[in-house]
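# Let me see the structure of the following:
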Amino acid sequence: MTGIKRISLALLAAGALLLTSCDPNRLYETNTPVKNERWSYDDIKSYTVEVKDTVTRYNIYINLRHSFQFDWRNVYVQVGTQLPDGKKMEKRVNLPLCEPDGKWYGSCLGDNCDVPVMIQHDARFPMPGKFTFTLRQDMRVNPLEKIKSVGLRIEKAKVITARP
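The predicted structure follows:
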């Protein structure tokens, strides 16, 4: 490969990275791999988010990447939240992954299916500071096989204006 082709390829890759990584609506997004695609009860995923804006409303998602060969239509997850003042909350959340006919939600390519599931719409953070979210699989089977990664995404909710 010539020097010019290498430089062109590097510039193209850098441009693609810039276009995909710059999302002005995203407050936070991190995805964590699941070791050996076997998510066990004791493998609790933890995400700490610095929140400064208590006025803006946000949508909160759990990102799940699973194998196309995953055996279940949904996944139950215990979602924990610790506020900056130390108060803790926990709730069980159902993450639907496919339609009744078995068609996967999200996008699937090869053996990977990526499904963002909104768990809270139009949320406001009650105070500024560091919020810690935890995700623990809460299915009847342990470990839950063919889960490749789990993540958290928080993005600004879209403002809908009324028409006159």
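
# quick one: contacts for the residue sitting nearest the centre point of the chain?
For the chain, the residue whose C-alpha lies nearest the mean C-alpha position (Cα atoms, centre = their mean) is N63; its distance is 2.7 Å. Shown in contact with N63 (Cβ atoms under 8 Å, 6 or more residues apart in numbering): E29, N31, D114, V115, P116, V117, S149, V150, G151, L152, R153. No exception for glycine: its C-beta is placed from N, CA and C like everyone else's.

# Could you check how far the strand or helix carrying it is from the centre of its chain?
Counting by DSSP states H and E, the element that carries N63 is strand 58-67. Distance of strand 58-67 from the chain centroid (Cα atoms, centre = their mean, to the nearest Å) equals 3 Å.

# same deal with stretch 115-125?
Using Cα atoms, centre = their mean, the offset of stretch 115-125 from its chain centre is 10 Å.

# do stretch 25-39 as well
Taking Cα atoms, centre = their mean, one finds stretch 25-39 lying 6 Å from the centre of the chain it belongs to.

# what's it in contact with?
With Cβ under 8 Å, 6+ apart, stretch 25-39 has contacts from 23, 43, 45, 47, 49, 51, 58, 63, 65, 67, 137, 143-156.

# Next, the angle strand 58-67 makes with the helix or strand that V93 is a member of.
In the assignment (DSSP H and E), V93 maps to strand 88-96. Strand 88-96 and strand 58-67 are oriented at 50 degrees to each other (axes from the mean of the first three to the mean of the last three Cα atoms, to 10 degrees).

# Which neighbouring elements make contact with strand 88-96?
strand 58-67, strand 74-82, strand 112-123 (3 or more Cβ pairs under 8 Å, 6 or more residues apart in numbering; DSSP states H and E).

# Deepest in the core, which of those is it.
Of all the helices and strands packed on strand 88-96, strand 58-67 carries the top mean neighbour count, a mean of 22, counting by mean count of other Cβ atoms under 10 Å.

# now that strand against strand 74-82, angle please.
Strand 58-67 and strand 74-82 are oriented at 140 degrees to each other (the same axes, to 10 degrees).

# Check which strands are paired with strand 58-67 and give the direction for each one.
Strand partners for strand 58-67, identified by DSSP bridges, are recorded as strand 112-123 (antiparallel), strand 147-156 (antiparallel).

# Excluding chain neighbours, what is closest to the residue nearest to the centre of the chain?
Using Cβ to Cβ, 6 or more residues apart in numbering and skipping residues adjacent in sequence, the residue nearest N63 is G151, 3.7 Å away.
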